[in-house]
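Participant: Got a sequence here, can you build the structure:
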Amino acid sequence: MWSIFSRDPSKDFGYEINEPVLNDENCIWILHKGKKKVSGEIVSIFRYELKLNESSYMDMAKNSLKRLKTLRHPSILTYIDSLETDKYILIVTEHVQPLFVFLKEMSKWPEQQKESAISWGIYSVSKGLCFLNNDCKMIHGNLSLGSIFINDSSDWKLFNFEYLTNIGSTQPVKSFYPHKIYTAPEVQDHNNRPTSDKRLDAWGLSCLIWEIFNGQLNEQAQLKNTKRLPKKLIPLYSNLNKNVSQRCLIEDFLTKGQDKNGYFKNTFIDTMNFLEEIQIKDSTEKNRFFSNLNNALESFPVYFCKNKILSFVVTSLEYGEANCHCLELLIKIGKMLNENEYQKKVTPSIIKLFASKDRSIRSKLLKEIDEYIDHTPTQAVNDQIFPYLVHGFMDSNPVIREQTVKSIFHLASKLNNQNLNEEVIKHFSRIQIKDPEGGIRTNTIICLGKIASHFQPQTRQTVMLPLFLRSLRDPFPPSRIACIQSLMATQNFFTLQDCTSKIMPALCLILMDPEKQVRDHAFMTLTNFIQKIEKFSENPALIEHMESEINKSGTNVSSKFTTGLSWAVNSLAAKLTRTKIENDNNNENEQKHSQSIQDNHSSTSTFNQQKHPNSDKEQVLSKDNQMKISSIDDLTGNSDGWEGDNWENDLLEDWKEIVPPESVVQKVHKINDDENGWNNDDINWDDNTDFGKKNENILTTKKSNEEILKPRIRQTGGGSTSKVQKKGPMKLGAQKLRKNFD
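Facilitator: The predicted model follows:
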């Protein structure tokens, strides 16, 4: 029974006391790192143990505990729990570190970031002292470097309340200042008699400021040395350590510091103040704040971005108060985190945002997917992100559809078999058949080429190859170019039989394409395939090596060619947007010499505006396409259009080293022209109805074109000639084309 009364109360204490962090001989407290037994929450524990002939210190420790329990302010250490016995006192607080430890870490920061952090710290401590002096009518009486602690949110916190007393108290002031260097001159002159003047803390604040920039204060004469203090702070600091009649109050110190060009007048402090009051701000103010914060974030201390700003950004996103600017902040700050921090603080918010119905947020998520997808667990990608992402394939806005297509490139390595080989392929097939936007169809083909190595071999043979062959008949020229490039990039995934019976015949058909760029790419690619077949013909034993990658899938497949594919159409839209502005500035006479060529299937991207190589008329954008491009800019907030330039050069860039300077025409004429050798089982070459209504005005053949097509003109009776009339870029089928060769 007596064991119940003699039991050590610390055994029932709900916190583990770990190794000491601070044991300052000038402080009665020993700081420990602690952990809550139930939840594992990290805390700080201040411990005081009664020693022989130190009973007065026990009273001071009890006073500190009493004051900490009753005081609540953002600049005062947060109390959690405590344990008090006859021999020791334990105080549990939020997790903190001593200021002098934080200053050592800060010494490695860039100078501007260090100045911002210190200015905010002094500002916070001053606000806390104003709260004690004016609202609580108390004097701290123990200000020094050891009285300030930094929590996990980078906030500066006041503690060491052993000497905290009410203004006007009769308690002897000698207990206030155990070290004379921190004792104000008026206290020493009056032999430590009681004083009710709150200017005592103003003097203490000057000592604290000096130690922040110089280190430990050894004698009061050092306070006059201001060489290391910022220039804007020196006038304010000097008013704090004057004699008592001229010494300014702390509230005056704050007010003057916030004047124009004052020490406390900077973007960082304004940002911190807004975050402190963000709960009372309306949505308009929050949106404006997060928008401006994006531009200023790079100049802020990384420590504050990670530990303070990020928490407010995450909270705003969780409660639906954020816009795309807030999401951009989340992604930017995420780059500053290590992997564990990213998984804990950023990834959960990213996953939740995919369920958002806000188009601006969805667009930003898709555009920046490469920044966070590597940090996202594979299971979360398949189970939580992909089900929402696939809705973007059918979105009514072309920007969302295009960004969804491009995002698959970054997701492919994490998608499971069902999502990649069934769902993605299903949506890509639908886009190639039904999507009215030529740019989206083009980027779909490019994406197929980029992720070809991740597909199952059966998917590549039965679905991907027919999609490529179908795209060769796309009325949108960049789509045909992208298809040719993708066939070249993925040639190792097709059997030699498919190359000769399906791919090469299809390439031969577009050697008559009305667009020279398409013809050039077709000639170059066909040459490469011919060389490949010639290599096999010379040594048939190489077939096993040449087809070694056909039955492989995943990262073990060579990516020598597919890495060269690029998003060609994005840069195209930017060029067209700039051309639109130039055309608006042309006079009416110049416009009479241009010909408007419309493409009913393109809006997010349109074929490159230029003079056709064989035409004396210039192609310009239709008004409808110009309006669509403007609407895209409105959604994404990018008034400069899509990034990039000269998409033709991007497409041709990888071909120069692959194709030898050999006549392509000579190679092509060696191909057997036996009609029975064509394999048209997979695709009906004459059927072009899948892409919608054909544009009858794509190109009109001029004299320059007649020179190119002259060998292919059929002679008719009476010596007259009948030119082949092109009704569309792919209107001529294989049978009709051969008929004109007769």
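
Participant: Please identify the buried residues of stretch 312-319?
Facilitator: Burial within stretch 312-319, assessed by neighbour count using 16 or more other C-beta atoms under 10 Å, is assigned to 312-314, 316-317. Placement of C-beta: from N, CA and C, glycine included.

Participant: Revised request: answer the last question for stretch 75-82.
Facilitator: Residues of stretch 75-82 classed as buried by neighbour count (16+ other C-beta under 10 Å): 75-80, 82.

Participant: out of the buried residues of stretch 312-319, which are inside helices?
Facilitator: Per DSSP state H, helices hold the following members of those: 312-314, 316-317.

Participant: Looking at the residues you listed, spot the one nearest residue 183.
Facilitator: Closest approach between those and residue 183, by C-beta to C-beta: residue 312, at 40.4 Å.

Participant: doesn't residue 278 make contact with that closest one?
Facilitator: Yes. Counting by C-beta atoms under 8 Å, residue 312 does reach residue 278; the two are 6.1 Å apart.

Participant: if we can go back for a sec, turn the buried residues of stretch 75-82 into TSV, columns for pLDDT and distance to residue 23.
Facilitator: Shown next, in TSV, are the buried residues of stretch 75-82 (pLDDT from 0 to 100; distance: C-beta to C-beta, whole Å):
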residue	pLDDT	distance to residue 23
75	96	25
76	97	23
77	97	18
78	97	22
79	97	22
80	96	21
82	95	20
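
Participant: Going by distance to residue 116, which of the buried residues of stretch 312-319 wins?
Facilitator: After measuring these against residue 116 - C-beta to C-beta - the closest member comes out as residue 312, at 17.1 Å.

Participant: If I look at that closest one, what pLDDT would I see?
Facilitator: Residue 312 carries a pLDDT value of 91.

Participant: same question, residue 164
Facilitator: 89.

Participant: Correct me if wrong: it contacts residue 63.
Facilitator: Yes. Using C-beta under 8 Å, residue 164 is in contact with residue 63, at 6.8 Å.

Participant: picking up where we left off before, which of the buried residues of stretch 75-82 fall in strands?
Facilitator: Per DSSP state E, strands hold the following members of the buried residues of stretch 75-82: 79-80, 82.

Participant: which regions of the chain sit below the pLDDT cut-off?
Facilitator: By pLDDT under 70, the low-scoring segments of the chain are 1-10, 52-53, 170-179, 188-196, 322, 553-742.

Participant: at 50 instead, please
Facilitator: Counting by pLDDT under 50, the chain shows low-confidence ranges at 1-5, 173-176, 192, 194, 555-562, 569, 571-742.

Participant: ok, longest helix in it?
Facilitator: Secondary structure of the chain per DSSP H: the longest helix is helix 516-538.

Participant: which helices and strands does it pack with?
Facilitator: Contacts defined by 3 or more C-beta pairs under 8 Å, 6 or more residues apart in numbering; DSSP states H and E place helix 516-538 against helix 477-489, helix 496-498, helix 504-509, helix 543-546, helix 647-652, helix 664-668.

Participant: for the closest residue in space to residue 335 that isn't next to it in sequence, what are its contacts?
Facilitator: Distances taken as C-beta to C-beta, 6 or more residues apart in numbering place residue 371 nearest to residue 335, at 7.2 Å, with adjacent residues excluded. Residues near residue 371 by C-beta atoms under 8 Å, 6 or more residues apart in numbering: 331, 334-335.
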